[in-house]
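K.L.:
Here is my input; please provide its structure:
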Amino acid sequence: MAVADSGGRAGGLGQLRIIGGQWRSRRLQIAASTQLRPTPDRVRETLFNWLQPWIVGANCLDLFAGSGALGLEALSRGAAGAVLVEHDPAVISVLRANVTVLGASTADVIMADCVAYLQTQARPFDIVFLDPPYRSGLLGRCCTLLAAGGWIRPGGLVYLEAPGTQLPELPEGWLLERSKRAGQVGYHLARNGPWRSLPRSAAQ
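P.N.:
Residues are numbered from 1 along each chain as shown. Modelled structure (predicted):
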């Protein structure tokens, strides 16, 4: 998942740093896994600068959550709630412990295969984070399932991370709003149809 974070390793566990919001500078554990590569600080900083007008009050879905770097950062910056989906039991255990440490009462950690999860009854989200393992072929498939299943509200935003410029064809109606590279990583922001208004809770 993504590329290596800047956090060090101690006792077999890595570290994740929350970079903004109410939990700014808090360091959390990451399960030891050769497959787990949290989105780097500099990429998250840029991403959440992009999302700044919409993050407060948003309901978020973090697929392939791994360390929880994106979902927990969203909550730290004022998102109303986040569903974090991950299939690895060891990763889930550490992720749930981090949610407890932060007191993140609006985080819902779900142990499930992400493709299977997207084939269940959908609920619309304001922001979706989509960062599957590289070269897995899952990015395009999950985009299709998100669009077909109604997982993203009209005007909702989707973050996509992939190696280089290997972005799959976006579903009909999705528009690529932002695109940038950091080393070998390409990261992008798309939206589902017409530009959205602020979440109702943020506009009050």
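K.L.:
So, low pLDDT: which residues of the protein?
P.N.:
The model of the chain has pLDDT under 70 over residues 1-13, 33-38, 195-204.
K.L.:
which ones are touching the residue most central in space within the chain?
P.N.:
By C-alpha atoms, centre = their mean, the chain has its centre lying nearest to residue 129, at 3.1 Å. By C-beta atoms under 8 Å, 6 or more residues apart in numbering, the contact list for residue 129 reads 60, 61, 62, 63, 65, 70, 71, 74, 159. Backbone N, C-alpha and C define where each C-beta goes, glycine included.
K.L.:
And residue 160, by the same measure?
P.N.:
With C-beta under 8 Å, 6+ apart, residue 160 has these contacts: 130, 131, 139, 143, 167, 187, 188, 189, 190.
K.L.:
taking these one by one, which sit in strands?
P.N.:
130, 187, 188, 189, 190 (DSSP state E).
K.L.:
Return the distance of the residue nearest to the second one when sequence neighbours are not counted relative to residue 27.
P.N.:
Taking C-beta to C-beta, 6 or more residues apart in numbering as the measure, residue 187 lies nearest to residue 161, with 4.9 Å between them; neighbours along the chain are not counted. According to C-beta to C-beta, to the nearest Å, residue 161 and residue 27 sit 22 Å apart.
K.L.:
Between these two, which has more neighbouring residues?
P.N.:
More crowded of residue 161 and residue 27, by other C-beta atoms under 10 Å: residue 161, with 24 against 12.
K.L.:
part of a strand, is that one?
P.N.:
Yes: under DSSP: H, G, I helix; E, B strand; the rest coil, residue 161 sits within a strand.
K.L.:
I figured it was touching residue 128, is that so?
P.N.:
No: using C-beta atoms under 8 Å, residue 161 is not in contact with residue 128, being 12.0 Å away.
K.L.:
For the closest residue to residue 129 other than its chain neighbours, which residues are in contact?
P.N.:
In space, and not counting its chain neighbours, residue 129 is closest to residue 70: 4.1 Å by C-beta to C-beta, 6+ apart. Taking C-beta under 8 Å, 6+ apart as the criterion, residue 70 is in contact with 39, 44, 47, 62, 129, 131, 159.
K.L.:
Scan those and report the most crowded one.
P.N.:
Neighbour counts for the contacts of residue 70 (other C-beta under 10 Å) peak at residue 62, which has 31 neighbours.
K.L.:
And it, how far from residue 69?
P.N.:
As for residue 62, its distance to residue 69 is 9 Å (criterion: C-beta to C-beta).
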